[in-house]
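missing the sequence, but the structure's below:
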C-alpha cells in the first residue's frame, strides 16, 4: 500500500537557519504530493503541493520539488523564523475512483525555531 | 468564504457514552473526508463521503463507528460506546467536486475518561 516516511524530529534551529525536512514515499501510479503545517491546537493548513514529476511547489519561502526518480519531496526553507515553529506533515494522494483522493500522511516533524 | 467548521472543538466522554462530531464543509464543497490523529502520530484516513453517500470507509473501525453526510446539514462522525483508545483528534476535510486539494477544519479533540 501507499506510505510516506518523514525525517523524525524534533528539529530545533536558530532563527535564519536553513531548513530541510526529508520526505520519501511509496505509491503505485502517479500520486500528488503535499506539505501541510499544523500549529499548536489547530488544524492542518496546506503549505504547498506538486502534482507531477519535477514540479516545484512553493509558498511563504518554503519549497519542495517532486522527484520521481528518488521518490522524494523534501521541504526546504532558506531562512526560518520563530513563527515557523509547528508540526510539518508530508502527504500523498492518489486517485482511488469516485473522486476519492484520500491522503496518506507521514508521522509529522516537529520544528522549533529559537530566537 | 468561511473555512471548514467543526464542532465541538473539545469533547469529553466517559467510557460507554456516545460521541457525535460535526463537520460543515466549505461553501461549494460537496466532498468530506474524516481523519483521526492519535497522540504523536500522523493522520489516518477513516472515511470519504459525498452528499448522502459513503464512497470509501476502508479506514473506519468495523464496530462502533459510523458516518453520514445528509442532503441538508453537516457531516456527522458517530462513535458509540466510546473506549479510552478512541481518545484522539478527529479532523474533517472538504474538497470541491472533482477537486483534489483538501481543506481541513480545526479538529475535534475527544477525550474519553
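Everything's here; your move. From a predicted model like this one, the values you see are computed outputs, not experimental measurements.

spell out which parts of chain B neighbour chain A.
By the rule CB under 8 Å from any CB of the partner chain, the part of chain B lying against chain A is B:4, B:6, B:31, B:33, B:35, B:40-45, B:48, B:50, B:55-56, B:59, B:91, B:93, B:95, B:97-98, B:100-107. Backbone N, C-alpha and C define where each C-beta goes, glycine included.

just the ones in helices from those residues, please.
Assigned to helices by DSSP state H, none of the residues of chain B next to chain A qualify.

quick one: which of those residues sit in strands?
Among the residues of chain B next to chain A, the members found in strands (DSSP state E) are B:6, B:31, B:33, B:35, B:43-45, B:48, B:50, B:55-56, B:91, B:93, B:95, B:103-104.

ok, now which ones touch the residue most central in space within chain B?
Geometric centre of chain B, nearest residue: residue B:34, 3.9 Å, by CA atoms, centre = their mean. Contacts for residue B:34 (CB atoms under 8 Å, 6 or more residues apart in numbering or on different chains) come out as B:23, B:45, B:46, B:47, B:48, B:49, B:67, B:75, B:77, B:90, B:91, B:92.

quick one on the thing from earlier: make a PyMOL selection of the buried ones in the residues of chain B next to chain A.
Buried members of these can be picked out in PyMOL with the line below, counting by 16 or more other CB atoms under 10 Å in any protein chain shown:
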select buried, chain B and resi 4+6+31+33+35+42+43+45+48+55+56+59+91+93+95+102+103+104+105+106+107
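
the residue nearest to residue B:106 when sequence neighbours are not counted: neighbour count?
Leaving aside its chain neighbours, residue B:106 sits nearest to residue A:43 (4.3 Å; criterion: CB to CB, 6 or more residues apart in numbering or on different chains). For residue A:43, the neighbour count with other CB atoms under 10 Å in any protein chain shown is 20.
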